[in-house]
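Enquirer: based on what follows, work out the 3D shape:
(chains A and B)
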2 protein chains.
Amino acid sequence: MNNFVFYGPTKYVFGKDKESMTGELTRWMGATNVLLVYGGGSAVRSGLLDRVKKSLDAAGVGYMEHGGVQPNPTDDKVYEGIAICRDNRLDGLVAVGGGSAIDTAKAIAAGTVYGGDFWDFYAGRSVVEDALPVGVVLTIPAAGSEGSGNSVITRIDGLHKISLRTESALRPRFAVMNPELTFTLPPFQTACGIADMMAHIMERYFTNTQEVEITDRVSEGVLKAIIAEAPVVMSEPDNYDARANIMWSGTLAHNGVCGTGRQEDWVSHFMEHEISAVYNVAHGAGLAVVFPAWMTFMSQHHPEKVAQYARRVFDVAEADDTKAAVEAVKRLKAFFAGIGLPVTFGQLGIANPDIPLLVKKLHENKGDVIGSYYRLTAADTEEIYRLAL
Amino acid sequence: MNNFVFYGPTKYVFGKDKESMTGELTRWMGATNVLLVYGGGSAVRSGLLDRVKKSLDAAGVGYMEHGGVQPNPTDDKVYEGIAICRDNRLDGLVAVGGGSAIDTAKAIAAGTVYGGDFWDFYAGRSVVEDALPVGVVLTIPAAGSEGSGNSVITRIDGLHKISLRTESALRPRFAVMNPELTFTLPPFQTACGIADMMAHIMERYFTNTQEVEITDRVSEGVLKAIIAEAPVVMSEPDNYDARANIMWSGTLAHNGVCGTGRQEDWVSHFMEHEISAVYNVAHGAGLAVVFPAWMTFMSQHHPEKVAQYARRVFDVAEADDTKAAVEAVKRLKAFFAGIGLPVTFGQLGIANPDIPLLVKKLHENKGDVIGSYYRLTAADTEEIYRLAL
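Expert: The predicted structure follows:
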């Protein structure tokens, strides 16, 4: 087991109607005048945004609005938000939505108090040391951003979709999590979220760090819970308990508890980020295509941990590692297909992906050789993209 | 799934030699003059206390010492500590040791800034709203107090051993966790710690709250990891990785992540507290005696969740719930016995326990009918104590 620091100081307030506590929690995190960051129309149409505003009003918290954040959020909304925060001396942010709204709020939070260009953080030229406090009202269980110190933003110029990881500087101070808010998610978006949270665990699970039984077992447990609950939320979208199980799983998948003490991988995420940056597909759908392809490659080159995953998560009874790994790919693809996700580029709606472009941008952004579970050259990542055809 | 708040803002710094960061972390938690709380001689003899002091010195943190805390820590050491903190205007505490040192430090931290008698908190007459910050250098993985908001203190007058639970007010600000510090733990103490952490999970696992698959699966994962690693730390006390797995398991067992969204039970702990208060046995050893007896009772009265535990944790293939539950008891007893723990009063060294006294004190402290998984009268708890004979 490797040394680690785990520091997850987010206060999770989980349950029915808890959005009514947003104002009180915003006060608790020390903010009195916030930027309210949200996405498209669903938070408005559902009345959620009004309930959040009412809660802020009741607590005497002032706010300005910054809506219209899109999936695969872009740097322009970050620059705009920073300007609003600075011009109005706002002292915190409340994001209402999923990963896109939260990640945008985090980037604004860091950028507002930073002397330079916020993109420095994403480009690895600077480290986030300070940020405005961010609170969250979660509506999409997927990205896990409500409990993570991470943020992913796409730079419009060049379509570079880059993830930033901080130990704790960008962790939300509070996260309101009401499973009822997810009842109306479209089925495809629900399924994409499930793929995303599973990928967050698997990126940490596939490691060469030995003797991490506790983290393996916790990770397998969260995966098993997701696999059990996913079909229920798909067939009964307003099943509160199933939605609750999925929502909390999404947080545990990415708050770091599935990664303690081990090297992590993240290549599948990097490979997907290129797809969604270029083709603007849903991140979770892209992952459902890339991850099985990555695992197929590993079944030939480094099957050991994939075999353990097969046996412990999917109860595959197969002694040979390669065969077990191949079976895991089959089961995972069947699971994804079963909840309506694509597992090939074609099913993702990209009949002829420009694989050389994806490979070029991937290695431009992440280096010549990437990944830790298995070191991948451009020839390898090209093969993985082709396995997804 | 029930509504819940999860707020675990402890910063865990895990790995070799990390005690050298104690001073820096004490500064980080905002303290400059601390009470150094520790137990018997092992932290002194091993040189750990000197290393911690050196680290505090290097960071310019002043300290006063408060050693000699005993297992099953008592209120007298708390009153003494409060007086020292007040008289010297100390602004924080660093506990070096296991649950006894940490729980004492927590009680002092709350009592110092409280106008009344600190026992008010334990007697349920007052709620902890403020406390001095507490940091921890953990040497015994067992109590889980390094990551919990809880504290257990025994009142010498009447031998009342009472646990206090807070959501976050008494959570340590930081916990230094170096598995190497546990290499020299005596085997019996190591085994007691293992029983304690397993009990912390099982007290949360045995619930009537339905549809808590994510919390069940995480709990089962931590239990499986402990069951796998326990024999290794017993046979190879200086196996770093096995010690690391056990140490982190002990934290996850009790930091709340195994209890989110569900009613918890805690009757076995209450029943054990009476045994260790009266007979001053090791808490973990007492739990190894009480918990299987409690489960035996449940196999007759409410076997369902015990049966799930049997199937998922011990891989028992038995369709009948009662039979599966009985088999779980058998497996758990065999596991405890295998790591050198007692599973009966006699093996615990109490040939003729005064069961009427234990029952009387238990219900005096906790009420006429106790427990949530199954409501237990005095006749029931007497039967459970007798099942442990």
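Enquirer: spatially nearest residue to the most centrally placed residue in chain A (excluding sequence neighbours)?
Expert: Per CA atoms, centre = their mean, the C-alpha nearest to the average position across chain A is that of A:Ala143, at 2.4 Å. Residue nearest to A:Ala143 in three dimensions, not counting chain neighbours: A:Gly99, with 2.6 Å by CB to CB, 6 or more residues apart in numbering or on different chains. Placement of C-beta: from N, CA and C, glycine included.
Enquirer: can you count the residues close to the one you found?
Expert: Other residues within reach of A:Gly99, judged by other CB atoms under 10 Å in any protein chain shown, total 30.
Enquirer: phi, psi for it please.
Expert: phi -60, psi -40 (degrees, to the nearest 10).
Enquirer: quick one: contacts for it?
Expert: Residues in contact with A:Gly99 (CB atoms under 8 Å, 6 or more residues apart in numbering or on different chains) are A:Ile140, A:Ala142, A:Ala143, A:Gly144, A:Ser145, A:Val152, A:Asp196, A:His283.
Enquirer: report the contact partners of the third one.
Expert: Put plainly, it is A:Ala143. By CB under 8 Å, 6+ apart, the neighbours of A:Ala143 are A:Gly98, A:Gly99, A:Ser100, A:Ile102, A:Asp103, A:Val152, A:Gly193, A:Asp196, A:Gly250, A:His254, A:His283.
Enquirer: where does the fourth one fall, secondary structure wise?
Expert: Under the assignment given by DSSP states H and E, the secondary-structure element containing A:Ile102 is helix A:99-112.
Enquirer: and the helix or strand just after that helix, how far out from the chain middle?
Expert: Downstream of helix A:99-112, the next assigned helix or strand under DSSP H and E is helix A:119-122. Computed by CA atoms, centre = their mean, to the nearest Å, the chain-centroid distance of helix A:119-122 equals 18 Å.
Enquirer: just the residues contacting helix A:119-122, thanks.
Expert: Applying CB under 8 Å, 6+ apart, the contact partners of helix A:119-122 are A:75, A:107, A:110-111, A:114, A:126-128, A:151, A:153, A:155, A:162-164.
Enquirer: how about the CA coordinates for it, as CSV?
Expert: What follows is helix A:119-122, C-alpha atoms only, in CSV (Å, rounded to 0.1, in the frame of the first residue of the first chain):
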residue,chain,number,x,y,z
TRP,A,119,-6.4,28.0,-17.4
ASP,A,120,-2.9,27.9,-15.8
PHE,A,121,-4.3,25.4,-13.3
TYR,A,122,-5.7,23.1,-16.0
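Enquirer: for that helix, give the mean pLDDT please.
Expert: Average pLDDT, helix A:119-122: 96.
Enquirer: determine the set of other helices and strands touching the helix or strand just after it.
Expert: Downstream of helix A:119-122, the next assigned helix or strand under DSSP H and E is strand A:134-138. On a contact count with 3 or more CB pairs under 8 Å, 6 or more residues apart in numbering or on different chains; DSSP states H and E, strand A:134-138 meets helix A:22-28, strand A:92-97, helix A:99-112, strand A:174-177.
Enquirer: mind putting these into TSV with mean pLDDT?
Expert: Listed next are the helices and strands packed on strand A:134-138 as TSV, based on pLDDT from 0 to 100:
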stretch	mean pLDDT
helix A:22-28	98
strand A:92-97	98
helix A:99-112	98
strand A:174-177	98
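Enquirer: can you put these in a markdown table and add distance to B:Pro133?
Expert: Output for the helices and strands packed on strand A:134-138, formatted as a markdown table (distance: least, CB to CB, whole Å):
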| stretch | distance to B:Pro133 |
| --- | --- |
| helix A:22-28 | 18 |
| strand A:92-97 | 24 |
| helix A:99-112 | 25 |
| strand A:174-177 | 20 |
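Enquirer: for A:Asp368, which of the ones you listed is the nearest?
Expert: When those are compared by CB to CB, helix A:99-112 sits nearest A:Asp368, at 27.4 Å.
Enquirer: need the pLDDT of the residue nearest to the centre of chain A.
Expert: For A:Ala143, the model assigns a pLDDT of 95.
Enquirer: quick check: it is in a helix.
Expert: No: using DSSP: H, G, I helix; E, B strand; the rest coil, the assignment for A:Ala143 is coil, not a helix.
Enquirer: gap between it and chain B?
Expert: Note on A:Ala143: its distance to chain B, by CB to the nearest CB, to the nearest Å, is 17 Å.
Enquirer: can you give the domain ranges for chain A?
Expert: Chain A breaks down by automatic domain parsing into domains covering A:11-181, A:187-387.
Enquirer: ranges for the strands of chain A?
Expert: Here chain A has its strands, by DSSP state E, at A:4-7, A:11-14, A:33-38, A:62-66, A:92-97, A:134-138, A:150-155, A:160-165, A:174-177.
Enquirer: lowest-confidence stretch among those strands?
Expert: strand A:160-165 (a mean of 89).
Enquirer: just list what it packs against, helices and strands only.
Expert: helix A:119-122, strand A:150-155, helix A:267-279, helix A:355-366.
Enquirer: can you add mean neighbour count and distance to A:Arg89 and give the ones you listed back as a markdown table?
Expert: A markdown table is the format used below for the helices and strands packed on strand A:160-165 (neighbours: other CB atoms under 10 Å in any protein chain shown; distance: least, CB to CB, whole Å):
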| stretch | mean neighbour count | distance to A:Arg89 |
| --- | --- | --- |
| helix A:119-122 | 21 | 22 |
| strand A:150-155 | 23 | 23 |
| helix A:267-279 | 24 | 34 |
| helix A:355-366 | 17 | 35 |
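Enquirer: out of these, which gets nearest to B:Glu264?
Expert: strand A:150-155 (31.5 Å).
Enquirer: so how many other residues sit close to A:Pro237?
Expert: Around A:Pro237 there are 16 other residues, counting by other CB under 10 Å.
Enquirer: nearest residue to it other than its sequence neighbours?
Expert: A:Phe183 (5.7 Å).
Enquirer: how near is that neighbour to chain B?
Expert: Distance from A:Phe183 to chain B, by CB to the nearest CB: 15 Å.
Enquirer: tell me the phi and psi of the residue nearest to the centre of chain A?
Expert: Dihedral angles (degrees, to the nearest 10) for A:Ala143: phi -70, psi -30.
Enquirer: and the nearest residue to A:Ala199 once chain neighbours are set aside, how far is that from chain B?
Expert: Nearest non-adjacent residue to A:Ala199, counting by CB to CB, 6+ apart: A:Leu287, 4.5 Å away. Between A:Leu287 and chain B the distance, using CB to the nearest CB, works out to 20 Å.
Enquirer: then A:Gly81?
Expert: Distance from A:Gly81 to chain B, by CB to the nearest CB: 27 Å.
Enquirer: could you measure from that residue over to A:Gly111?
Expert: 8 Å (CB to CB, to the nearest Å).
Enquirer: so A:Asp196 versus chain B, what's the distance?
Expert: 16 Å.
Enquirer: oh sorry, the question was meant for A:Asp241
Expert: Separation of A:Asp241 from chain B (CB to the nearest CB) stands at 3 Å.
Enquirer: what pLDDT does the model give that residue?
Expert: Reported pLDDT at A:Asp241 in the predicted model: 98.
Enquirer: then A:Phe336?
Expert: A:Phe336 is assigned 98 on the pLDDT scale.
Enquirer: now it. Nearest residue, chain neighbours left out?
Expert: A:Ala288 (4.4 Å).
Enquirer: check contacts around that neighbour.
Expert: Listed by CB under 8 Å, 6+ apart, the contact set of A:Ala288 reads A:Cys192, A:Ala195, A:Phe336, A:Leu341, A:Pro342, A:Val343.
Enquirer: all set, thanks.
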